[in-house]
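Asker: Predicted coordinates and the sequence they were generated for:
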4 protein chains.
Amino acid sequence: MANFKGHALPGSFFLIFGLWWSVKYPLKYACRKNKKICFFGSKVGFQRVEVIEGAVKAIFSLIGMLAEQFVPDGPHLRLYNHEEKQWSHLMNWQHSTMYFFYGVSGVVDIITHTTKAVPVAMDRLMLAIAVFVEGFLFYYHVHGRQALDVHIHLLLLFAVFGGALCIFLEVFFRGNIILELFRSSLCILQGSWFWQIGFVLFPPGGGPEWNQNDHNNLMFITMCYCWHYAFALLFVGVNYGIVTWVVNAKLKSAQPMEMELLKSRQRDQDSEDDL
Amino acid sequence: MANFKGHALPGSFFLIFGLWWSVKYPLKYACRKNKKICFFGSKVGFQRVEVIEGAVKAIFSLIGMLAEQFVPDGPHLRLYNHEEKQWSHLMNWQHSTMYFFYGVSGVVDIITHTTKAVPVAMDRLMLAIAVFVEGFLFYYHVHGRQALDVHIHLLLLFAVFGGALCIFLEVFFRGNIILELFRSSLCILQGSWFWQIGFVLFPPGGGPEWNQNDHNNLMFITMCYCWHYAFALLFVGVNYGIVTWVVNAKLKSAQPMEMELLKSRQRDQDSEDDL
Amino acid sequence: MANFKGHALPGSFFLIFGLWWSVKYPLKYACRKNKKICFFGSKVGFQRVEVIEGAVKAIFSLIGMLAEQFVPDGPHLRLYNHEEKQWSHLMNWQHSTMYFFYGVSGVVDIITHTTKAVPVAMDRLMLAIAVFVEGFLFYYHVHGRQALDVHIHLLLLFAVFGGALCIFLEVFFRGNIILELFRSSLCILQGSWFWQIGFVLFPPGGGPEWNQNDHNNLMFITMCYCWHYAFALLFVGVNYGIVTWVVNAKLKSAQPMEMELLKSRQRDQDSEDDL
Amino acid sequence: MANFKGHALPGSFFLIFGLWWSVKYPLKYACRKNKKICFFGSKVGFQRVEVIEGAVKAIFSLIGMLAEQFVPDGPHLRLYNHEEKQWSHLMNWQHSTMYFFYGVSGVVDIITHTTKAVPVAMDRLMLAIAVFVEGFLFYYHVHGRQALDVHIHLLLLFAVFGGALCIFLEVFFRGNIILELFRSSLCILQGSWFWQIGFVLFPPGGGPEWNQNDHNNLMFITMCYCWHYAFALLFVGVNYGIVTWVVNAKLKSAQPMEMELLKSRQRDQDSEDDL
């Protein structure tokens, strides 16, 4: 969907996921030492969250695919136009393909965290593949368009391939908070940049169009991308700060009454560790 | 061999290996905790399988080389045509070279798993080199052809170089099931894509030829590549599921009678571990 | 600021940091076994140094940003020129953006080493991001200039992206002296190269201008870049040697009187380790 | 020196080093379990070998530099020709720069293995830098030449940058026999390819010149590169086999008389390990 909504929709998906991750991973990190207190810190609680996340990802992808297929000027599942002897609505089909891989990633998340048969790192591999496929399709997607249009889409690839690499590294360094926060920031960047693309290419409210071939516009957009990332980092940082502060505050208020219990439990665990 | 068979042959080789790997590695993974029951889980059994695999690889490569050399319009081992003062059948020679490196990889597999003198990771390094050489030759191979022909061959390079990287990582992370499944999926992708190339460039049954310079065809082929990969992932997933299910079922039925034996053995092992 | 000072300023910043690092890390490495003697070797002492370094980085970045904004022909915080309907002073804004990310890196350094809430590797990630952003902006920065101007700026990217990669690796291999010295050398290279760019593009004292399109000049500049790196390596090596020599000399003179104390302390520690 | 000798000289250097490495590392690997018997397996013996290797590297580099500077049509240390207002003999200066970095690497080898002050992985970092600088200069070196000349030089970059990456990995995975053999093979490839370049561009004995723009020649040269690598792998494999066989044979003949001594020593060591 080459219009404003077609960019705002995936942008919102990525923003929601990026912001959610920038809360989830700090929470997990802050709770790692206080597993008795946070529900989230327990293994069962965290698995349930992962399953829900996978389900939401799958549903979002389904919404995206349906929207791409069944908007009024969409392909309605028709791939080849036999009258014009032409492929039909290839753009929409490519977008559907991108959503599809994210959907698969969501399904793999659910399977990984409900059964024990699948190695747990599989969710990261599948997510890395989904992100890579998005970048791969985008790369060939913008062939032959105007300069600004190409440039603004290709900038996205830094966030996409950076994210794919980061997630692939997580296969080997699972639970590394640095990589998880880095991924969150790149995801927020993608989300906000989709919105930016929408605003630039399809100025809402009939604003003036951007000159597609002005070199200054290219230069500005490149810099603007960095500012988006600065904001993404700010969001991640603020969320990290709030989460850490809340968990620590909750921990302190919980300590007096839990103290005894904790201590005795810890003593039990220590003696277990000794064995 | 620039015809349908010349793409179907390597395609079949890669498909067979990809599907075999998508059975072998899940089997090994499922058996790792139940080494007493699976023949496959034992070290000797697994080594024998690796040797057979290496031999099959070497034989396949030999078939490929002979086919490239001795087809009616092949070079018949003649490299330079002195009459025309031209290199003779360079295409066939390049394909032979690709097969040759896979052959070397097969031989190294056999040596690695029959003697103890060679470090075991050598088989992965040699396979990574073979895959890289394939990609290297392909990259320069398609110079000067038409747009669709070039594009459809270059897409292959994502699977090839992705596979080479994955196998190179296995030198350091040997036995990582994630990498092994990833490699299987990329191998299946390569196999099915060779078939696709054959169908597109040499439509069998005298079908209509593809317009080589239509931008829409390029766009469709790019997307089609992703669908092939989706199917490759599906195959790997289904095989993984079946293998895991079969092993677990076999394990449960074996338990009543093996139970006692296992327990006593385990007790022995535990007491060994304590020492 | 496309003039001599605009290149000398960042060049000096990078030189100062590179040379400082080439003293700091060898010092830390030499002190690692003699923590009782060097103030620097103690954890508290080292943290204080890191905080000061972060503060200096942040202040330098602020100076850079202010200089870019408020030089006589700067943008004075105005981004869009409504009269000419043009972006205003994009070059200066891009430079400000680069400085800004280094400033953020400085602030993150301070936060990381004063509170315990933030994982310590965060300082490296943020520095890697800052360096990458610098390279990213430079890459698009030089579009459409003359051959020598483009080439001399792009050569910088080897030091920049090499540095970004090196620092990113430090997230996983923190405290690896090899990576730290490598980073120091690349930082010195960047600093001295900025000075070189200034001398080539804006010959001070009204010297003769370089022929921008002479292929020989490109060839010479490429080689010259390697010589700069050779000098950077020399500086790092000499600093390493001096620091190691000084620490060892100080250690030997300190030994007679500290000997008894050290031994008894060590005995205490050993007995602690046994528990 | 753009002539046959100018390619044969570095080619011979690389061949000697590649073949030496393909003997040295298997020897070290075979001796690792029998340190009492091989002189080479002892730490002191191995360090002495490393120092000699570094010295040879430094001397070779010096020879290369002197040859580039003082051949009859060389620059004789003159960088700028003030009469013609041109850089003088830039090619020779670039080659000298390449040799210089290898020389530095040799010096660092000596320092690393004679003093304890320098971390041991520094020799690999410096070698990786030297190899990278070679590739870096080559990349810009061939600008504006004819098609075959450019192609045949750029092919070299696969061996060069592959080698640089491999050596950089050795900083982290020191002593990994797989990487060491891989490096040996790439070094032999470089050496033999330099000879090949000499034969193609300056056919000795006044043979017929190659058509520089014939596409078939490019195709053949690409394939020929792979054959060179196949031979390099063969050499490494054969050397590995011979070394392993000789060490094992020597070991067996040594066993009867050394047996008693070994056993008693081993018993001592085991009891040390227990403590």
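Answerer: The structure has been received and is ready for your questions.

Asker: In the stretch 1-150 of chain A, what residue comes closest to chain C?
Answerer: Chain C sits closest to residue A:29 of the stretch 1-150 of chain A, with a gap of 7.4 Å, by Cβ to the nearest Cβ. (Each C-beta comes from the backbone N, C-alpha and C, glycine too.)

Asker: pretty sure that residue is touching residue A:176, no?
Answerer: No. Using Cβ atoms under 8 Å, residue A:29 makes no contact with residue A:176, being 10.1 Å away.

Asker: So for the two, which residue has more residues nearby?
Answerer: Neighbour tally, residue A:29 and residue A:176, criterion other Cβ atoms under 10 Å in any protein chain shown: the higher count belongs to residue A:29, 21 against 18.

Asker: how close does residue A:158 get to chain B?
Answerer: Distance of residue A:158 to chain B, given as Cβ to the nearest Cβ, to the nearest Å: 19 Å.

Asker: Now for the residue nearest to residue A:8 when sequence neighbours are not counted: which residues touch it?
Answerer: Of all residues beyond its chain neighbours, the one nearest residue A:8 is residue A:198 (5.3 Å), with distances taken as Cβ to Cβ, 6 or more residues apart in numbering or on different chains. With contact taken as Cβ atoms under 8 Å, 6 or more residues apart in numbering or on different chains, residue A:198 is in contact with A:4, A:5, A:6, A:7, A:8, A:11, A:204.

Asker: Residues of the stretch 51-200 of chain A that sit close to chain B?
Answerer: Residues of the stretch 51-200 of chain A lying close to chain B by Cβ under 8 Å from any Cβ of the partner chain are A:86-87, A:90, A:93-94, A:97, A:100-101, A:104, A:117-119, A:121-122, A:125-126, A:129, A:133, A:136-137, A:140-141, A:143-144, A:171-172.

Asker: now with 7 Å?
Answerer: Counting by Cβ under 7 Å from any Cβ of the partner chain, the stretch 51-200 of chain A comes close to chain B at A:86-87, A:90, A:93-94, A:97, A:100, A:104, A:117, A:119, A:121-122, A:125, A:133, A:137, A:140, A:144, A:171-172.

Asker: gap between residue A:61 and chain B?
Answerer: Counting by Cβ to the nearest Cβ, the gap from residue A:61 to chain B is 13 Å.

Asker: For that residue, pull up the helix or strand it's in.
Answerer: Using DSSP states H and E, residue A:61 maps to helix A:43-70.

Asker: That helix - what's its average pLDDT?
Answerer: Per-residue pLDDT over helix A:43-70 has a mean of 91.

Asker: cool, stretch A:173-187 as well?
Answerer: Mean pLDDT, stretch A:173-187: 95.

Asker: Give me the buried stretch members for that stretch, please.
Answerer: Across stretch A:173-187, burial judged by 16 or more other Cβ atoms under 10 Å in any protein chain shown covers A:176, A:177, A:178, A:179, A:180, A:181, A:182, A:183, A:184, A:185, A:186, A:187.

Asker: How about residues contacting that stretch?
Answerer: A:14, A:17-18, A:21-22, A:25, A:29, A:121, A:124, A:159, A:162-163, A:166-167, A:169-170, A:232-233, A:236, A:240, C:119, C:121-122, C:125, C:171-172 (Cβ atoms under 7 Å, 6 or more residues apart in numbering or on different chains).

Asker: Can you list which of those residues are found in helices?
Answerer: A:14, A:17-18, A:21-22, A:25, A:29, A:124, A:159, A:162-163, A:166-167, A:169-170, A:232-233, A:236, A:240, C:122, C:125, C:171-172 (DSSP state H).

Asker: Going by distance to residue B:221, which of the contacts of residue A:198 wins?
Answerer: Nearest to residue B:221 among the contacts of residue A:198: residue A:6, at 23.1 Å, using Cβ to Cβ.

Asker: still on that earlier bit, quick check on the ones in helices among the contacts of stretch A:173-187: which are buried?
Answerer: Buried subset of the ones in helices among the contacts of stretch A:173-187 (neighbour count, 16+ other Cβ under 10 Å): A:14, A:17-18, A:21-22, A:25, A:29, A:124, A:159, A:162-163, A:166-167, A:169-170, A:232-233, A:236, A:240, C:122, C:125, C:171-172.

Asker: quick one: low-confidence ranges for the stretch 51-200 of chain A?
Answerer: Along the stretch 51-200 of chain A, no part satisfies pLDDT under 70.

Asker: which bits of it sit near chain C?
Answerer: A:173, A:177, A:178, A:182.

Asker: and which of the residues you listed is nearest to residue A:254?
Answerer: residue A:177 (22.9 Å).

Asker: For chain A, just list every one of the helices.
Answerer: Going by DSSP H, chain A shows helices at A:4-31, A:43-70, A:90-114, A:122-141, A:147-172, A:177-201, A:215-274.

Asker: Tell me which of the ones you listed sits nearest to residue B:208.
Answerer: Judged by Cβ to Cβ, the one of these that comes nearest to residue B:208 is helix A:90-114, at 19.2 Å.

Asker: elements contacting the closest one?
Answerer: helix A:43-70, helix A:122-141, helix B:215-274 (3 or more Cβ pairs under 7 Å, 6 or more residues apart in numbering or on different chains; DSSP states H and E).

Asker: ok, and the closest non-adjacent residue to residue A:101?
Answerer: Leaving aside its chain neighbours, residue A:101 sits nearest to residue A:130 (4.0 Å; criterion: Cβ to Cβ, 6+ apart).

Asker: what's around the one you found, how many residues?
Answerer: Neighbours of residue A:130 (other Cβ under 10 Å): 23.

Asker: Contacts only, for it.
Answerer: Counted by Cβ under 7 Å, 6+ apart, residue A:130 has contacts A:101, A:102, A:104, A:105.

Asker: I'd say the last one and residue A:56 touch.
Answerer: I take that to be residue A:105. No. Between residue A:105 and residue A:56 there is no contact under Cβ atoms under 7 Å: 11.7 Å.

Asker: Quick check on these two: which one has the bigger neighbour count.
Answerer: Between residue A:105 and residue A:56, residue A:105 has the larger neighbour count (other Cβ under 10 Å), namely 24 against 16.

Asker: Tell me how far that one lies from residue D:173.
Answerer: Using Cβ to Cβ, to the nearest Å, residue A:105 is found at 32 Å from residue D:173.

Asker: for residue A:109, same thing?
Answerer: For residue A:109, the distance to residue D:173 - Cβ to Cβ - is 33 Å.

Asker: go on, residue A:249?
Answerer: For residue A:249, the distance to residue D:173 equals 45 Å [Cβ to Cβ].

Asker: so what's residue A:51 up against?
Answerer: Residues A:110, A:113, A:114 are the ones in contact with residue A:51 under the rule Cβ under 7 Å, 6+ apart.
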